[in-house]
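Enquirer: A predicted structure for the sequence below; I have some questions about it.
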Amino acid sequence: MGRTVYCGRQVTAALLCGVALFSSAAAADWTSTLDGSVRYYSWTSDHGWPPNWPGGKGKGDQLYIPFGYRLGTNDGITDFSITARSGYVSSSQDTTGVKGSSSSFTDSSLSSTYSYLGWAGFQPALSLALNLPTGRTNFQGNSKNGKMDPDVVALGVTGEGFNFAPTLSANVPLSETSMLGFGVGYTSRGAFRREGTLPGTTTKLNPGDVTTFNASYGYQDETVALQLAASYSLESTTTLDGAQFYRSGDRWLLSATLAYAWNENWTTQAGVSMSHYGKNDVLTLGLPPLIAELFNSNSNSYPMSLSTSYAGEDFSIGPKLTYLYRDHNAWSPTSYQFLPAKSSWSFGLEGSYAASDTLNFTGSVERGWVHESDNPDKLLGGIIIPGTGVPPYSTDSWRFSIGASIGL
């Protein structure tokens with residue numbers, strides 16, 4: 001059944017924790033940074049979004065303006081920071097049958113981290129992150145058509161509920177060039193209302209809480225920087241209008257990042273990761289209890305990136321290539337639970353310019369391509385129903401971004 005989230009108690013605990021950490025660092029010198037950017041995304045596709053809409057070719061765009069503020073201090077023994085972030089997003093889709101637009105602020109985040117650096121072989125840290133529901137979750141009428149593919153635009157959704165996420169971690173230096181890291185975090189996710197199946201209706205979704213264990217290894221010398229990371233997450237039951245809805249399968253995430261400095265000007269960086277979810281627990285014929293699904297409806301994802309940059313005295317610039325492959329899930333292609341394979345490419349140029357010791361500008365331009373494989377017509381009652389599948393489709397996109405950060 002649904003769980004009650006005592007937001008007031010959680011916020012009070014967060015504030016008390018923040019006051020305690022702030023007090024311990026009150027005598028130190030503080031630095032602050034204000035940053036923001038303007039990002040624009042434009043796409044055209046063989047299909048609109050969602051891709052199973054029969055309206056034919058589609059197009060859309062999104063304007064996203066994230067901004068944030070960070071306050072921090074480091075006296076060599078303790079490191080403490082507070083970061084606040086939010087944003088504004090405006091999306092529009094022009095596809096026959098699913099035309100629409102929406103705009104709103106996004107959810108806001110407030111996070112703080114306190115690290116103790118006074119022990120040579122053990123550096124503990126306590127972090128606390130809050131998601132504040134300042135974004136929009138309920139889209140009615142044509143505004144719901146402003147939701148678009150998150151592989152093409154910055155944000156597919158703009159909001160969820162109040163989240164409370166403490167994390168306890170520690171770094172263990174192995175030498176002057178290498179370090180191990182360990183951590184455990186818990187995210188309590190609050191309920192929120194979203195649009196229902198019928199026009200004008202809403203439902204109350206209460207996502208499951210998430211517990212995550214992670215470990216990492218880092219190495220860095222004058223020319224090489226290597227980061228290896230692994231995490232394991234498990235989730236409690238999600239409810240819909242107070243009734244059991246589903247429980248997401250356990251998740252594994254593995255990643256590796258390697259950077260190599262060829263000389264004082266040129267650096268190349270490569271990254272690869274893999275995520276895997278286990279089988280979900282779902283309702284059978286719409287009735288409880290939840291049981292493991294027959295086949296895994298989740299796909300594995302493999303993001304990859306490669307970039308090279310040239311750094312001058314006060315600027316850097318270079319190309320970047322990204323690739324994402326999502327394999328098809330384990331259901332039969334004629335099942336409604338089938339999810340086809342999908343690949344996404346992007347290639348672009350990114351750079352930065354330091355106008356002064358405290359003012360820095362960034363910018364990027366990217367061209368992207370997305371392709372999703374055939375999703376065949378579905379089998380119902382032993383009969384293939386024409387028109388229930390989605391043919392292969394491709395989406396082309398452009399992404400532009402310009403931003404700035406200033407130390408105060």
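Expert: Sure, I can see it. Numbers count the residues shown, from 1 in each chain.
Enquirer: and the closest residue to Phe192 other than its chain neighbours, how many neighbours does it have?
Expert: Nearest non-adjacent residue to Phe192, counting by CB to CB, 6 or more residues apart in numbering: Gly161, 3.9 Å away. Any C-beta I mention is one placed from the backbone N, CA and C, and that applies to glycine too. Residues near Gly161, counting by other CB atoms under 10 Å, number 21.
Enquirer: surely Gly161 meets Arg193?
Expert: No: counting by CB atoms under 8 Å, Gly161 does not reach Arg193; the two are 9.1 Å apart.
Enquirer: where do the contact lists of the two overlap?
Expert: Common neighbours of Gly161 and Arg193 (criterion: CB atoms under 8 Å, 6 or more residues apart in numbering): Thr137.
Enquirer: quick one, phi psi at the residue nearest to Phe192?
Expert: Dihedral angles of Gly161 (phi, psi; degrees, to the nearest 10) stand at phi -90, psi -170.
Enquirer: Next: Pro333.
Expert: phi -60, psi -20.
Enquirer: who's in contact with the spatially most central residue of the chain?
Expert: Nearest to the geometric centre of the chain sits Leu155, at 9.0 Å (CA atoms, centre = their mean). Leu155 is in contact with Gln62, Tyr64, Val89, Ser91, Thr106, counting by CB under 8 Å, 6+ apart.
Enquirer: Any regions of the protein where pLDDT drops low?
Expert: Where the chain drops to pLDDT under 70, the residues are 1-28, 54-55.
Enquirer: where exactly do the helices run in it?
Expert: Assigned by DSSP state H, the helices in the chain fall at 7-24.
Enquirer: what's the neighbour count on Met274?
Expert: Met274 has 15 nearby residues by other CB under 10 Å.
Enquirer: Was I right to think it contacts Leu254?
Expert: Yes: with contact defined as CB under 8 Å, Met274 counts as touching Leu254 (5.0 Å).
Enquirer: Can you work out which residues contact both of these two?
Expert: What both Met274 and Leu254 touch, as defined by CB under 8 Å, 6+ apart, is an empty set.
Enquirer: Look at Phe80 and say how many residues are nearby.
Expert: 22.
Enquirer: ok, Tyr41 - contacts?
Expert: Here Tyr41 is in contact with Asp61, Gln62, Tyr64, Val152, Val153, Ala154, Ser397, Trp398, Arg399, Phe400 (CB under 8 Å, 6+ apart).
Enquirer: Among these, the buried ones, what's the ChimeraX command?
Expert: Entered in ChimeraX, the line below selects the buried ones among these, by 16 or more other CB atoms under 10 Å:
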select :61,62,64,152,153,154,397,398,399
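Enquirer: between the contacts of Tyr41, which is closest to Ser356?
Expert: Here the nearest of these to Ser356, counting by CB to CB, is Phe400; it sits at 24.6 Å.
Enquirer: Show me what counts as buried in stretch 86-94.
Expert: Ser86, Gly87, Tyr88, Val89, Ser91, Ser92, Gln93, Asp94.
Enquirer: and if you look at stretch 169-187?
Expert: Buried, per 16+ other CB under 10 Å, within stretch 169-187: Ser169, Ala170, Asn171, Met179, Gly181, Gly183, Gly185, Thr187.
Enquirer: Report the beta-bridge partners for the second one.
Expert: Put plainly, it is Ala170. Pro124, Phe182 (DSSP bridges).
Enquirer: From Ala229, how far off is it?
Expert: The gap separating Ala170 from Ala229 is 15 Å, by CB to CB, to the nearest Å.
Enquirer: next one: the fifth one
Expert: Counting by CB to CB, the gap between Gly181 and Ala229 amounts to 8 Å.
Enquirer: Could you do the third one as well?
Expert: Using CB to CB, Asn171 is found at 13 Å from Ala229.
Enquirer: Distance to Ala341 for the buried residues of stretch 169-187 - can I get that in CSV?
Expert: Formatted as CSV, the buried residues of stretch 169-187 follow (distance: CB to CB, whole Å):
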residue, distance to Ala341
Ser169, 35
Ala170, 39
Asn171, 38
Met179, 37
Gly181, 33
Gly183, 33
Gly185, 31
Thr187, 30
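Enquirer: Among those residues, which one lies nearest to Met304?
Expert: Gly181 (22.8 Å).
Enquirer: just checking, the closest one touches Phe213?
Expert: No: between Gly181 and Phe213 there is no contact under CB under 8 Å: 11.8 Å.
Enquirer: What residues are bridge-paired with Ile317?
Expert: Note on Ile317: beta-bridge partners by DSSP bridges are Tyr310, Gly351.
Enquirer: Pull the number of nearby residues for it.
Expert: 15.
Enquirer: ok, it touching Thr308?
Expert: No: with contact defined as CB under 8 Å, Ile317 does not reach Thr308; the gap is 10.0 Å.
Enquirer: quick revisit: so what's the residue nearest to Phe192 up against?
Expert: So Gly161 contacts Val5, Asn131, Pro133, Thr137, Arg189, Gly190, Ala191, Phe192, Asn206, Pro207 (CB under 8 Å, 6+ apart).
Enquirer: The same query, at a cut-off of 10 Å, please.
Expert: 5, 7, 107, 131-133, 137, 188-193, 204-207 (CB atoms under 10 Å, 6 or more residues apart in numbering).
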